[in-house]
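1. Below are the sequence and a predicted model; questions follow.
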Amino acid sequence: MAAAVDSDLALLDVAGMAEADRLTIAAGTPGAALMERAGRAVADAVDRRTPPGARILVLCGPGNNGGDGFVAARLLARRGRPVTLALAGERERLSGDAAGMAAAWTGPIEPIDGVRPADYGLIVDALFGAGLNRPLEGAVAELVEAVNAAGRPVVAVDVPSGLSGDTGGSEGPVIRATETVTFFRLKPGHLLMPGRSLCGLVTLAEIGIRADVVFTPERPAVLFRNAPGLWRASFPVLAPDTHKYRRGAVLVVAGGLAGVGAPRLSARAALRIGAGLATIACRPEALAAHAARGPDALMQRAVADGAALERLLAEKRLSAVLVGPALGLDGEAREAVAAVLRSSVPAVLDADALTILAGSAARAGRQIARRGAPCVLTPHEGEFARLFGDSGGGSKLDRARRAAAEIGAVVVLKGADTVIAAPEGRAAINATGCPALATAGSGDVLGGMVAGLLAQGMPAFEAACAAVWLHGRAGEARGVGLVADDLPEAIPPLLRELQDAGPEDWSGAER
Ligand SMILES: NC(=O)C1=CN([C@@H]2O[C@H](COP(=O)(O)OP(=O)(O)OC[C@H]3O[C@@H](n4cnc5c(N)ncnc54)[C@H](O)[C@@H]3O)[C@@H](O)[C@H]2O)[C@@H](O)CC1
Ligand SMILES: [K+]
């Protein structure tokens with residue numbers, strides 16, 4: 001993996017950020033210098049958000065997050081801002097750089113009880129950041145509720161207080177921020193739900209942490225936010241002399257008459273994302289129904305049983321297979337999933353195929369290991385739970401990563417904060433998309449997009465990340481009122497946008 005190329009998109013969890021801090025300090029940058037720059041970034045965000053006369057309330061906690069708050073307060077006061085600073089805890093108990101920054105603050109330090117957030121034009125939340133280790137309670141919890149009730153703009157330092165930077169969750173009250181200023185790299189909690197919706201705008205500030213010291217070939221980034229920079233290098237490009245088989249042939253394994261629509265959405269999406277050929281393998285009784293519906297570019301083949309499907313899967317020119325959408329759960333459906341798992345074609349398992357594997361992740365893992373071709377699983381939370389149970393618990397990121405390692409396949413755990421995890425440990429969190437994507441058939445389109453990219457030779461993790469990102473953007477492009485049929489049609493303009501931007505400009509399309 002090209003760690004250097006991807007490190008801009010890296011995410012750091014709490015432990016990773018502490019390590020980045022430690023390595024940078026060991027390489028010669030004092031911790032106080034980092035804190036000074038962090039505080040300045042916060043003060044700059046406040047300046048951008050408030051008119052000069054607005055009263056600013058800075059709420060500081062007992063650790064380094066509070067230290068950043070002391071710096072911001074000092075700089076804002078120096079810029080002529082009316083600043084009130086309140087400290088949760090006792091000043092004498094501050095230590096290290098935070099104590100140094102408190103000493104440099106020459107204004108009064110108020111206790112937090114008695115502070116009325118509604119009296120201020122903006123509130124800086126520097127109560128707790130990466131060091132949060134238990135739910136907020138007592139006076140601090142009440143203060144957080146009062147801040148949220150005041151309805152004033154809130155600039156949170158690093159993460160909204162009460163939120164876990166690792167999981168995006170909280171077990172007690174949590175600040176609802178207008179903007180969150182974080183440092184060096186985003187944290188998983190900024191992207192995972194509900195964290196993403198509590199952070200407001202997330203601003204990333206460079207504070208002098210050295211990427212070249214933090215990410216090295218021996219210690220590459222493994223967590224990422226999903227953006228074109230993560231997969232652009234392997235995204236298919238049409239060769240001038242290409243032909244349809246070289247572009248890749250996708251087989252979508254469908255069920256009977258009752259499920260004609262879903263596999264067609266998948267096949268259409270595979271074609272739209274660039275596969276040269278898409279064929280639907282269906283039960284004989286469904287053949288006429290498939291043939292009667294567009295688009296004419298789609299092919300259909302009747303397969304009477306598992307053996308017939310195996311012959312199709314053995315065709316040399318086939319380059320990816322998708323099984324699951326509206327497949328059904330009967331004996332024939334089971335045979336189809338087994339045939340795909342025995343084949344050596346890059347595969348996407350979705351929907352009913354995942355339900356068929358429910359409770360047998362270990363056996364499926366052995367089959368996947370034997371097949372020696374990439375495999376991508378695209379469960380939503382329900383399918384994931386049926387297949388992997390709680391997968392050891394923890395955050396959505398933790399669960400997806402453990403599941404991918406367990407089953408030896410790329411796992412796409414879908415939702416507003418889709419996580420894509422590879423078996424060797426890499427994972428990405430996606431932030432494109434919109435609630436309108438929660439509609440029937442949307443997942444079938446995604447499965448087809450992954451299969452279409454696999455068919456074009458994209459590695460499984462990159463194919464899954466690209467498909468998820470583009471699927472989200474397609475949803476945004478169509479917006480409210482979309483139906484799944486719209487999504488494949490929204491793909492070509494996105495491909496053109498990416499193509500026209502050129503590799504060096506793709507960062508402009510990142511989100
Ligand atoms: N890691 C880095 O590279 C940098 C970190 N900085 C700041 O440092 C922060 C992390 O600092 P700390 O590790 O000191 O952690 P925090 O400042 O987040 O909080 C730690 C303190 O809060 C207490 N605490 C935790 N949860 C509590 C709860 N629920 N109720 C009451 N007390 C609680 C802990 O016992 C500890 O005293 C970051 O979030 C960031 O704002 C910046 O100064 C710049 C550089
Ligand atoms: K905070």
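-> Perfect, I can see it now. Bear in mind that the values here come from a model prediction, so they are computed numbers and not experimental data. Numbering: from 1, shown residues only. Ligands and ions are numbered 1, 2, ... in the order given.
2. Burial check on the residue in the stretch 351-500 of the chain that ligand 2 sits nearest to, number of neighbours?
-> Closest contact between the stretch 351-500 of the chain and ligand 2, by C-beta to the ion, is at Ser395 (18.9 Å). Backbone N, C-alpha and C define where each C-beta goes, glycine included. Around Ser395 sit 21 other residues, with neighbours defined as other C-beta atoms under 10 Å.
3. what's it in contact with, if anything?
-> For Ser395, the contacting residues are Ser164, Asp166, Thr167, Gly168, Gly169, Pro188, Leu192, by C-beta atoms under 8 Å, 6 or more residues apart in numbering.
4. Equivalent analysis for Val181, please.
-> Ala38, Ala41, Val42, Ala45, Val155, Ala156, Val157, Asp158, Thr203, Ala205.
5. Quick check: chain neighbours aside, which residue is closest to the residue in the stretch 151-300 of the chain that ligand 1 sits nearest to?
-> Here the residue of the stretch 151-300 of the chain nearest ligand 1 is Asp158; by C-beta to the nearest ligand atom that distance is 3.6 Å. Spatial nearest neighbour of Asp158, excluding adjacent residues (C-beta to C-beta, 6 or more residues apart in numbering): Gly129 at 3.7 Å.
6. Quickly note the distance from that neighbour to Lys187.
-> For Gly129, the distance to Lys187 under the criterion C-beta to C-beta, to the nearest Å works out to 10 Å.
7. Need the overlap of contacts for those two.
-> Common neighbours of Gly129 and Lys187, using C-beta under 8 Å, 6+ apart, are Asp158, Val159, Gly165.
8. Keep only those of these that are in strands.
-> Helix and strand membership here follows DSSP state E; of the shared contacts of Gly129 and Lys187, not one is in strands.
9. is it fair to say Val202 lies in a strand?
-> Yes - with DSSP: H, G, I helix; E, B strand; the rest coil as the criterion, Val202 is located in a strand.
10. burial count for it?
-> For Val202, using other C-beta under 10 Å, the count is 19.
11. Verify the stated contact: it with Thr180.
-> Yes - counting by C-beta atoms under 8 Å, Val202 sits close enough to Thr180 to count as a contact (5.0 Å).
12. any common contacting residues for those two?
-> With contacts taken as C-beta under 8 Å, 6+ apart, the residues that reach both Val202 and Thr180 are His190.
13. ranges for the strands of the stretch 251-400 of the chain?
-> In the stretch 251-400 of the chain, strands defined by DSSP state E, counting those that start in this stretch lie at 277-282, 299-302, 320-323, 347-349, 375-377, listed in chain order.
14. Identify the residues contacting Ala41.
-> Residues counted as contacts of Ala41 (C-beta under 8 Å, 6+ apart) are Val181, Phe183, Thr203, Ala205, Ile207.
15. what about the helix or strand where it lies, distance to the chain center?
-> Of the helices and strands defined by DSSP states H and E, Ala41 is found in helix 31-49. With C-alpha atoms, centre = their mean, to the nearest Å as the basis, helix 31-49 stands 27 Å off its chain's centre.
16. cool, stretch 450-467 as well?
-> Centroid separation between stretch 450-467 and its chain, computed with C-alpha atoms, centre = their mean, is 16 Å.
17. same question, stretch 263-276
-> 24 Å.
18. can you list the domains in the protein?
-> Under the assignment named as automatic domain parsing, the residue ranges that make up the domains of the chain are 3-219, 228-379+426-499.
19. Dump the ones you listed into a markdown table; add distance to Arg402 as well.
-> As requested, the domains of the chain are arranged in a markdown table below (distance: least, C-beta to C-beta, whole Å):
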| stretch | distance to Arg402 |
| --- | --- |
| domain 3-219 | 14 |
| domain 228-379+426-499 | 10 |
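20. Let's have those domains in CSV, adding distance to ligand 2 and mean pLDDT.
-> As requested, the domains of the chain are exported to CSV (distance: least, C-beta to the ion, whole Å; pLDDT from 0 to 100):
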stretch, distance to ligand 2, mean pLDDT
domain 3-219, 4, 96
domain 228-379+426-499, 20, 95
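21. Would you mind naming what in this structure lies close to ligand 1?
-> By the criterion of C-beta under 6 Å from any ligand atom, the positions of the chain lying close to ligand 1 are 17-18, 20-21, 34-35, 38, 61-68, 128-136, 140, 157-158, 183, 207, 209.
22. hmm, back to that, for the contacts of Val181, pick the one with the most neighbours.
-> By neighbour count, taken as other C-beta under 10 Å, the most surrounded of the contacts of Val181 turns out to be Val157 (34 neighbours).
23. show me what contacts the residue lying closest to that residue once chain neighbours are set aside?
-> Of all residues not flanking Val157 in the chain, Ala126 sits nearest, at 4.3 Å (C-beta to C-beta, 6+ apart). When contacts are counted by C-beta under 8 Å, 6+ apart, Ala126 is found next to Val42, Val58, Leu59, Cys60, Gly61, Asn65, Gly66, Asp68, Gly69, Phe70, Ala72, Val157.
24. For Ala126, give its distance to Ile25.
-> Computed as C-beta to C-beta, the Ala126 to Ile25 distance reads 21 Å.
25. In helices, which of the contacts of Ser395 appear?
-> The members of the contacts of Ser395 that map onto helices under DSSP state H are Pro188.
26. now the contacts of Ser395 in TSV, with neighbour count?
-> Formatted as TSV, those follow (neighbours: other C-beta atoms under 10 Å):
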residue	neighbour count
Ser164	22
Asp166	24
Thr167	20
Gly168	26
Gly169	17
Pro188	27
Leu192	26
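27. mind saving the C-alpha coords of stretch 75-91 as PDB?
-> Presented in PDB, the C-alpha positions along stretch 75-91 are these (Å, rounded to 0.1, in the frame of the first residue of the first chain):
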ATOM      1  CA  LEU A  75      -5.300  35.000  22.000                       C
ATOM      2  CA  LEU A  76      -8.900  36.100  21.700                       C
ATOM      3  CA  ALA A  77      -8.500  38.500  24.600                       C
ATOM      4  CA  ARG A  78      -5.300  39.900  23.000                       C
ATOM      5  CA  ARG A  79      -7.300  40.500  19.900                       C
ATOM      6  CA  GLY A  80      -9.700  42.700  21.900                       C
ATOM      7  CA  ARG A  81     -12.400  40.100  22.400                       C
ATOM      8  CA  PRO A  82     -14.500  40.200  25.600                       C
ATOM      9  CA  VAL A  83     -13.700  36.700  27.000                       C
ATOM     10  CA  THR A  84     -15.000  34.900  30.100                       C
ATOM     11  CA  LEU A  85     -13.100  31.700  31.000                       C
ATOM     12  CA  ALA A  86     -14.600  29.100  33.300                       C
ATOM     13  CA  LEU A  87     -12.700  26.000  34.600                       C
ATOM     14  CA  ALA A  88     -14.200  22.700  35.400                       C
ATOM     15  CA  GLY A  89     -12.000  21.600  38.300                       C
ATOM     16  CA  GLU A  90      -9.400  23.200  40.400                       C
ATOM     17  CA  ARG A  91      -6.600  25.300  38.900                       C
END
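28. Nothing else from me, thank you.
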